[in-house]
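Undergrad: show me how the following folds:
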Amino acid sequence: MVGTPGTYHATVTITDTHGTDTASFPLRITVTDEDAHVTYTGPTSAATGQTIALGAVVTQDDGTDGDLTTATARFADAATDQTLCVTEVTKQGRATCPLTVVGTRTVTVTLGGRYAGTTGNATVAVPSTLPTAQLPDTVLGRGPGAWLLGPSATFEFGASVAGS
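TA: Here you go, the predicted structure:
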């Protein structure tokens, strides 16, 4: 497909108005990726097992209008270069895809398709264990034995750390 980055070869042939003389010459056409900048915009912390939306914003570097929908965003694990997902970029320059978090990792986002440019990085931090707290056991010690229709009631209760 013409317009896709790459090198293309063509031959141009010119013929005079009488059709008797012709000349041909080869032509090499190089289509380069359009320059753009990508920034990671997704979350940078999550809990293990949580599904998050990896996100990126793509902006044109050369200041000219281009079709950002011809770009793709590849999200990968920076340590292994394992692809986490590849998604198309919207006309507004946004790319998102889901990821179920399994541990802390540095995520890279790289442009593809008809665009090239910077790579965005971010670390998605996952705590090794979620914070826990012991909640007290609450024991109702004394109170009215049934619902009262009065303006007040007296209760006595105590609390202790669970399991103690």
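Undergrad: and Thr7, what is it in contact with?
TA: Counting by Cβ atoms under 8 Å, 6 or more residues apart in numbering, Thr7 makes contact with 28-31. C-beta: built from backbone N, CA, C; applies to glycine.
Undergrad: same question, Val12
TA: Applying Cβ under 8 Å, 6+ apart, the residues near Val12 are 24-27.
Undergrad: how about low-confidence regions in this protein?
TA: Within the chain, the stretches with pLDDT under 70 are 1-3, 65, 118, 125-164.
Undergrad: if we can go back for a sec, now the contacts of Thr7 as a markdown table including distance to Pro98, secondary structure and neighbour count?
TA: Listed next are those as a markdown table, based on distance: Cβ to Cβ, whole Å; DSSP: H, G, I helix; E, B strand; the rest coil; neighbours: other Cβ atoms under 10 Å:
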| residue | distance to Pro98 | secondary structure | neighbour count |
| --- | --- | --- | --- |
| Arg28 | 43 | strand | 8 |
| Ile29 | 39 | strand | 10 |
| Thr30 | 37 | strand | 8 |
| Val31 | 33 | strand | 13 |
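Undergrad: out of those, the closest to Ala47 would be?
TA: Distance ranking of the contacts of Thr7 against Ala47, using Cβ to Cβ, places Val31 first at 44.9 Å.
Undergrad: pretty sure that closest one contacts Tyr8?
TA: Yes. Assessed by Cβ atoms under 8 Å, Val31 is found in contact with Tyr8 at 7.0 Å.
Undergrad: kindly check the end-to-end length of stretch 78-96 for me.
TA: 18 Å (Cα to Cα, to the nearest Å).
Undergrad: quick one, strands of the protein?
TA: According to DSSP state E, the chain carries its strands in the segments 6-15, 22-31, 34-40, 51-60, 71-77, 83-88, 94-100, 105-113, 115-117, 119-124, 136-142, 156-161.
Undergrad: now find how far off-centre the shortest one is within its chain.
TA: Per Cα atoms, centre = their mean, to the nearest Å, the displacement of strand 115-117 from the mean C-alpha position of its chain is 17 Å.
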